[in-house]
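1. make a model of this:
(4 chains, ligands or ions: 4)
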Amino acid sequence: MSYVLANEVRPIFPGVLGLMPVKKIVDALNQALREEMDRDERVVLLGEDIGVFEGSYRVTEGLHAQFGEERVRDTPISEIAIIGAALGAALTGLRPVAEIQFNDFLACGMDQLCNQAAKIRFMLGGQVTVPMVVRAPYGATGRAAQHSQSLEAWFVHTPGLKVVMPSTPYDAKGLLKTAIRDDNPVLFLEHKLLYGATSPGGKAQTAVQELGEVFTPAPDEEYLLPFGAADVKRPGSDVTVVATGMMLHKSIKAARELAGADGIECEVIDPRTLVPLDRETIIDSVKKTGRLVVVSEDVMSCGVTAEISALVAEHALFYLDAPIRRVAVPDTPIPFAPVMEQAVIPQIGDIIEAVKSVVYR
Amino acid sequence: MSYVLANEVRPIFPGVLGLMPVKKIVDALNQALREEMDRDERVVLLGEDIGVFEGSYRVTEGLHAQFGEERVRDTPISEIAIIGAALGAALTGLRPVAEIQFNDFLACGMDQLCNQAAKIRFMLGGQVTVPMVVRAPYGATGRAAQHSQSLEAWFVHTPGLKVVMPSTPYDAKGLLKTAIRDDNPVLFLEHKLLYGATSPGGKAQTAVQELGEVFTPAPDEEYLLPFGAADVKRPGSDVTVVATGMMLHKSIKAARELAGADGIECEVIDPRTLVPLDRETIIDSVKKTGRLVVVSEDVMSCGVTAEISALVAEHALFYLDAPIRRVAVPDTPIPFAPVMEQAVIPQIGDIIEAVKSVVYR
Amino acid sequence: MERETALLLYRRMVQIRKFEEKLYQLFLTRPMPGSMHQYNGQEAVAVGVCAHLNRDDFITSTHRGHGHCIAKGASIRALMAEMFAKTTGCCRAMGGSMHIADYSVGMLGAMGIVGSGMPVAVGAAWSSQYRRSGQVVACFFGDGAANEGAFHEALNLAGVWKLPVVFVCENNVYGFSTHYRRVTPVENIADRAASYGMPGVVVDGMDLRAVFDEAATAVDRARKGEGATLIECKTYRYMGHSRFEKAAYRSSEELDEWRKRDPLVLFRDFLLGSELVDAGELEGIDADVDREIEDAVDYAENSPDPKPHDYRQYIFKVNDEFPTHHQKES
Amino acid sequence: MERETALLLYRRMVQIRKFEEKLYQLFLTRPMPGSMHQYNGQEAVAVGVCAHLNRDDFITSTHRGHGHCIAKGASIRALMAEMFAKTTGCCRAMGGSMHIADYSVGMLGAMGIVGSGMPVAVGAAWSSQYRRSGQVVACFFGDGAANEGAFHEALNLAGVWKLPVVFVCENNVYGFSTHYRRVTPVENIADRAASYGMPGVVVDGMDLRAVFDEAATAVDRARKGEGATLIECKTYRYMGHSRFEKAAYRSSEELDEWRKRDPLVLFRDFLLGSELVDAGELEGIDADVDREIEDAVDYAENSPDPKPHDYRQYIFKVNDEFPTHHQKES
Ligand SMILES: Cc1ncc(C[n+]2csc(CCOP(=O)(O)OP(=O)(O)O)c2C)c(N)n1
Ligand SMILES: Cc1ncc(C[n+]2csc(CCOP(=O)(O)OP(=O)(O)O)c2C)c(N)n1
Ligand SMILES: [Mg+2]
Ligand SMILES: [Mg+2]
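-> Numbers count the residues shown, from 1 in each chain, chains lettered A, B, ... in the order given. Ligands and ions are numbered 1, 2, ... in the order given. Just a heads-up that it's a prediction; the model follows:
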């Protein structure tokens, strides 16, 4: 088979958006699934309401119709069984892609994912491979504490799992295809507000329209994106800003404001995959800018911002001209009321404030 | 009721060990449970094999006999039900202490602990309190990937939980009593090699004998230790070393070697509770020493060492005279063979090497 | 069933129905925070079960919790205010529809994670048994939840410890979009009771009187210390799974079929037929409830919004008994 | 049962027994890495079930996995070497006793977390069904595991999807220290099959022939695409829960009672009684196995130890298909 290894493709900036329709992330993901299913019969899907209903965020739209009941399987509400079944299938010749309806529910299947799937190849001394993907939406959208978390750090902290968090349709498609072809368990996290599709009751469309800026389209051709290759979504010389998912977009917005109003040029880096993490790109950028702000929607303590801060404090400390600032959810569950949710989720203003604090110090 | 608030009690150093028998941690914990059960009828225990069998690490020895079936309940092998039942009981007037046989199995009850217990007071706007403790052993003892983890970071990363990791009998007793009286869910993590008792098949006795140094005895009188108060287990001026549990002891050993052979004085800090974390003591120490090594038995990425590094990189960056070094398990599950286990678990030599690297740079 | 009881239960069902119809309108016509899962069609279940519970008995609820709250006697005003995310809400705007609960009437919380309330209910029942308080716990859950591991572990523990809990499975045919028979290899979820050494019964969940009768037996059994019961109520949800979900996966014929046996209509017909009450009385109750709902909306609208940082006080209970260093705000 | 089969099954049981007796001695007399959970007493279960499995059929195992490995035909040398933590071990010294497994004979792993192999077995059965490979999966688990959420979700999924899996509950009376009746409110775990629309049968787990017969039916059913079966084998573990655990929670009378029906003795008596074989043949097998075990110990002792960093190659499979930046060693 042939494909483009689109490692070096740079993001296309706003001007392009007029020319080419921005494919929604939900469509990019759907296309990735469809292409991989077309290409490889071993690729099968399972999850709650993904078949007849086509997914609570509609990522699996049309797939049940096209590929049938055998390859797109609705499951009981049984996260242990979903992840465990994916694992058992992966060990025996299939390449399952499981959907967990919200990443919060990964807690229900935590043992299967973290103690079994992540470790079995290791415990068996390499006798088996585990080509499985678990997809799950994350992020806060007014649904209170049990449906709003961003739990990537739990899984970054679980050796044996790869963790992917795309922020654009382009990345989403290329990374999901890579995830499906990877021979290791991959957790693929999708931000609800970036899908760009209206979920039953969701507000995702709006969020995407507000963001646009680096919402790079996903071409229809086949391409893969490598894991472990961060993408500099915006080059800059004054401050390094590292952010994933929705926070990447907020960081880009913040960067544009800062460039306009204050003449501060942020280099905005999207790791795209947290495991493997492209440490070099981050460290090299900090060596250049001397300042680092890390932005993430997970909670602060032992979160993604902690890891990236620690990395730089170990490997580029003497290049730093300012303390490392973390912009993340303070150590709290997510409250229901919109005004409180807003207060805990990092906002563009928080990023601007943090950047200024490291530049003007 | 009356008790000593033993906040200011300093650790008693080796000389004392000759005078007073070192009470084992397992006995200190047992005494704490017994005292609290004597004091308060609402304190009840549940878990697998804790009753008739008196616990797989024998922490509940004698308690079933003394307090009876009603207060010391053997459960089915059902981690969801154990944690959930503790939560339900805590909401309705009891103060349950649940034992999970190995901290690895917390993954099986992860949803109950992290999505329910940690969040329910929050989601209900403070209508309820959740006075429950979940105890679990952690650490590597030759049992391979599923029975060797140190999973504290998952729970530090879960707002609403307090996380306690004692390293001495003195701390263990005082902190467990505090945990039981706390009105919030507390995860109490106990290092297997520090129990000082032979578990069925364990080697714990040996490990403790090797360590001794700051193995402060637990007095028989009643006392409580506050959460959020780190303990400087060894004062020093050259390097700050932060470590918990077993790693605290290895750090003390390393510090003594470094003081003797190289004249490097480490200040060894034991946070004792990771949530709440005594940030001031750590930051103040780094401001004094200018150097930081963080040691932990959990895996590196998004782990405890990341959090403490990030904290200092944000709040004491300009005091640092060297990069922050992390000594932790690399991002791998724990292998079975002792020689490989040794290679991944931080050893005294690794700590010495790290300290030297930040001092001689 | 006595006249007074009958009238109260009728009122409860009307309250639930009108509370939700109002909310449906509100969601259509103005910005409302969050989402909701409606209980319409299932009223007889919550009301029939809670009819036997004292104020200090406990219940656990689900993502679909409005009905349970009202049936257990929670304040309509506080519920409505929670839906509006106001500080006067029963959860102080911290939980919203999915976690709506009033502890003062014995609600231990509405758990948004399917099945996860079940072990909590069992823990409360254990507590009641231990404290010899005589309190009973009713644990509501869906047909979908019956396939979660939490269901199994909860029923097993309740079975071994002979706990005073009534498991109420509201089999409303669907778990989200999925017909329960597509994911459950038995016709009756109640049959699973046998795995846990407890009685299991199937009841017509549209018929308040049927639910009322079975619940009486089960609550009584629990109260007497004889252990748990699993009651499966065959019922139906009229609305989509959540707010505006269209429920295209089911036929309108199916919906119509169930609507013919609407729990309010059935009970109203029974009441009128039994001559316990006359139509005027029932209309009086309807009108009363209309006013009550309007009042609740007014109350909610005029209640204060929370401040952005109000949430901080709810993360941890501050222990007064002894000082503890708490993590500083970051 | 044919003569050749009978002799092979006898040999398998002897292999398991002697493998573990040897290990017991080794643990007593020299430093051995890790711990182990012994299978003595339960041999008829693994052997009776695996008798019907082809090499490419699958099994999942537990913390008590030696017997399953041997019954499925794993190399005794590789198993022994794993116990010694040698590079020639079946898991390359990465898993040890608790994760001992040989994928080349269809073992999908021994899972040290109680119940956690069950959903994995179901996934393998799903794969077999999807690939129309005709492979059957046997899923071994204990009485204790039957109270885990994983049990419930696994059996339910197998039930709905009609998967080719045989669930083999080895009810050895105890889960660690706890008698199953103290934590399980039913006498027979097999009865739980009804919850999942599959047949459940109880069988004398000390009697190889009984296990053999029931397993034949269940494997056949699975092979024909008719779905899963739950077989509960009533059996007993002779040793403590793990290595030197004393099992003080049970009486020596109880142990003696069970030992009277030792699976090896029962089957040996049957064979001799049936005149299929003579005593000399059996003694020949015994002696053979003794040699095999001694050879395996030699092999293990003389095998190389792993290097400290060998583990690194097993964390992730490196994908050759396309380049991926991998995290550098830290
Ligand atoms: C563990 C978990 N998995 C999935 C979901 C998403 N979800 C919310 S409600 C629901 C359907 C629940 O079905 P049922 O238990 O029958 O209750 P009903 O909605 O019919 O009242 C699902 C799948 C969830 N909240 N929690
Ligand atoms: C989820 C989980 N909980 C607890 C344990 C500790 N543990 C190991 S084996 C065991 C007993 C298992 O009993 P059973 O399933 O009957 O198997 P048996 O040991 O009798 O073969 C326990 C409690 C574990 N490994 N995993
Ligand atoms: Mg339902
Ligand atoms: Mg057992």
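
2. ok, C:Pro164 touching C:Val137?
-> Yes: counting by C-beta atoms under 8 Å, C:Pro164 does reach C:Val137; the two are 6.5 Å apart. In short, each C-beta sits where N, CA and C put it, glycine included.

3. now the strand ranked longest in chain A: how far from the chain's centre is it?
-> If you go by DSSP state E, chain A has its longest strand at strand A:292-299. Mean-position distance between strand A:292-299 and its chain equals 13 Å (C-alpha atoms, centre = their mean, to the nearest Å).

4. any residue of the following helix or strand past that strand up close to chain D?
-> Remark: after strand A:292-299, the chain's next helix or strand is helix A:304-315, criterion DSSP states H and E. No: using C-beta under 8 Å from any C-beta of the partner chain, we find that helix A:304-315 stays clear of chain D, coming within 9.0 Å at best.

5. ok, now stretch A:98-118?
-> Yes: judged by C-beta under 8 Å from any C-beta, stretch A:98-118 and chain D are in contact via A:111-112, A:115-116.

6. now the end-to-end length of that stretch.
-> 15 Å (C-alpha to C-alpha, to the nearest Å).

7. give me the nearest residue to A:Leu106, chain neighbours excluded.
-> What sits nearest to A:Leu106 in space, not counting adjacent residues and going by C-beta to C-beta, 6 or more residues apart in numbering or on different chains, is A:Ile100, at 5.5 Å.

8. now swap in A:Arg143 and tell me
-> Nearest to A:Arg143 is C:Gly34, by C-beta to C-beta, 6+ apart, at 6.1 Å.

9. over to the one you found. Which of the three states is it?
-> Look at C:Gly34: counting by DSSP: H, G, I helix; E, B strand; the rest coil, its state is coil.

10. about what we covered before: what about C:Pro164 and C:Val137, which has more around it?
-> A count of neighbours by other C-beta atoms under 10 Å in any protein chain shown puts C:Val137 above the other of C:Pro164 and C:Val137, at 31 against 27.

11. return the per-residue confidence for the more buried one.
-> On the pLDDT scale, C:Val137 is placed at 98.

12. look up phi and psi at it.
-> phi -120, psi 130 (degrees, to the nearest 10).

13. now it: how far from C:Val168?
-> C:Val137 sits 10 Å away from C:Val168, going by C-beta to C-beta, to the nearest Å.

14. repeat that for A:Ile324.
-> Separation of A:Ile324 from C:Val168 (C-beta to C-beta): 52 Å.

15. also A:Asp231?
-> Counting by C-beta to C-beta, the gap from A:Asp231 to C:Val168 is 51 Å.

16. tell me which of those two has more neighbours.
-> Just comparing A:Asp231 and C:Val168: by other C-beta under 10 Å the higher neighbour count belongs to C:Val168, 29 against 25.

17. which helices and strands sit right next to whichever helix or strand A:Lys177 is part of?
-> Applying DSSP H and E as the criterion places A:Lys177 in helix A:169-181. The criterion is 3 or more C-beta pairs under 8 Å, 6 or more residues apart in numbering or on different chains; DSSP states H and E, and the helices and strands that helix A:169-181 contacts are helix A:25-39, strand A:95-99, strand A:133-138, strand A:162-164, strand A:186-191, strand A:223-224.

18. any chance of those in a markdown table, plus distance to A:Val295 and mean pLDDT?
-> As requested, the helices and strands packed on helix A:169-181 are arranged in a markdown table below (distance: least, C-beta to C-beta, whole Å; pLDDT from 0 to 100):
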| stretch | distance to A:Val295 | mean pLDDT |
| --- | --- | --- |
| helix A:25-39 | 19 | 96 |
| strand A:95-99 | 27 | 99 |
| strand A:133-138 | 15 | 98 |
| strand A:162-164 | 17 | 98 |
| strand A:186-191 | 13 | 98 |
| strand A:223-224 | 27 | 95 |
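
19. could you dump the ones you listed to TSV with distance to A:Val355 and mean neighbour count?
-> Converted to TSV, the helices and strands packed on helix A:169-181 look like this (distance: least, C-beta to C-beta, whole Å; neighbours: other C-beta atoms under 10 Å in any protein chain shown):
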stretch	distance to A:Val355	mean neighbour count
helix A:25-39	26	22
strand A:95-99	36	27
strand A:133-138	25	26
strand A:162-164	26	26
strand A:186-191	22	26
strand A:223-224	33	22
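
20. chain C: which of the ones you listed is closest?
-> Closest approach to chain C among these is made by strand A:95-99 (12.5 Å; C-beta to the nearest C-beta).

21. now do the SS call for the closest residue to chain D within the stretch 201-350 of chain A.
-> In the stretch 201-350 of chain A, the residue that lies nearest chain D is A:Gly228 (3.0 Å; C-beta to the nearest C-beta). Here A:Gly228 is recorded as coil under three-state DSSP.

22. just to revisit the earlier point, what about ligand 2: which of the residues of stretch A:98-118 next to chain D touch it?
-> Among these, no residue sits close to ligand 2 (C-beta under 6 Å from any ligand atom).

23. neighbour-wise, which of those residues leads?
-> Busiest of the residues of stretch A:98-118 next to chain D [other C-beta under 10 Å] is A:Gln112, holding 33 neighbours.

24. grab the nearest non-local neighbour of that one.
-> Among residues not flanking A:Gln112 along the chain, A:Ile83 sits closest, at 3.9 Å (C-beta to C-beta, 6+ apart).
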